[in-house]
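A.B. asks: Predicted structure and sequence below. I'll ask about it afterward.
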Amino acid sequence: MIVGNGLLANAFRPQFGDEPSVLIYAAGVSDSTCRDASSFDRERALLETTIANSDAQRHVYFSSCALSDPHSQMTPYLLHKQRMEMLVVAAGGLVLRLPQVVGRTGNPKTLTNFLYDSIVNRRQFTVWKHAQRNLIDIDDVAAIGTRIIASPPAAQSAISIAAPHSTPMLQIVEAFERVLGIKANYQLDHRGDPLELDTAMAQEVADRLEIDMGPGYLERVIRKYYGPE
């Protein structure tokens, strides 16, 4: 069973849409800049109701890799995600933490949609020079996540599914420039922190599935979704 209709829900629907033993919660607040307490309360209420009324043997919730990063500041969004994780884990569920997921979505607030739109429309934006982000293909999230859901580790309730290496924001912008053939109009701000994630389990599963997330992965993902057709 899938709860939700967005990018993640649709990616996991072929595997679990008609599977009664697994409930995948892929709804609720997705905007990391959100500070609206009522939106957080609505998600909590829906999640609690969904779990209480579910007969599934396994509950899966998507959270943020930022909760694993020691440099992250605990924003209202991350505090909310942390509370949702605790609720799911208390019910014996599995939490899959995700970084910046790249796929075909009309959501203008995703990092890659923002960069694409800004660059093709020649709008100026600010790049934090020392900030890093981790980008992963939605198809790879679905493949790795499906394998983990099918055989979850007994000792872990929260697992990060991410690329093995995070990338400086400036390099992400430069990859977009190469893919689009357009020079971005940005100004540098000397702020930001590295993004440190434990992706050992995701990498182990990716290796078994023969998913190549080595050198060139970032640009291949950007080209797949934003390059010329």
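C.D. replies: Yep, that arrived.
A.B. asks: where are the low-confidence patches of this structure?
C.D. replies: Where the chain drops to pLDDT under 70, the residues are 155.
A.B. asks: What are the contacting residues of stretch 82-92?
C.D. replies: The contact list for stretch 82-92, computed with CB atoms under 8 Å, 6 or more residues apart in numbering, reads 25, 28, 43-44, 47-48, 51, 59, 61, 63, 67, 74, 94-95, 157-158. For every residue, glycine as well, the C-beta is placed using N, CA and C.
A.B. asks: From the residues you listed, which land in strands?
C.D. replies: Among the contacts of stretch 82-92, DSSP state E puts Tyr25, His59, Tyr61, Ser63, Leu94, Val95, Ala158 in strands.
A.B. asks: Just the buried residues of stretch 54-72, please?
C.D. replies: Within stretch 54-72, the residues that count as buried by 16 or more other CB atoms under 10 Å are 54, 56, 58-69.
A.B. asks: can you put the residues you listed in JSON lines and add distance to Glu85?
C.D. replies: Formatted as JSON lines, the buried residues of stretch 54-72 follow (distance: CB to CB, whole Å):
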{"residue": "Ser54", "distance to Glu85": "17"}
{"residue": "Ala56", "distance to Glu85": "18"}
{"residue": "Arg58", "distance to Glu85": "16"}
{"residue": "His59", "distance to Glu85": "12"}
{"residue": "Val60", "distance to Glu85": "12"}
{"residue": "Tyr61", "distance to Glu85": "7"}
{"residue": "Phe62", "distance to Glu85": "10"}
{"residue": "Ser63", "distance to Glu85": "5"}
{"residue": "Ser64", "distance to Glu85": "9"}
{"residue": "Cys65", "distance to Glu85": "12"}
{"residue": "Ala66", "distance to Glu85": "12"}
{"residue": "Leu67", "distance to Glu85": "7"}
{"residue": "Ser68", "distance to Glu85": "11"}
{"residue": "Asp69", "distance to Glu85": "14"}
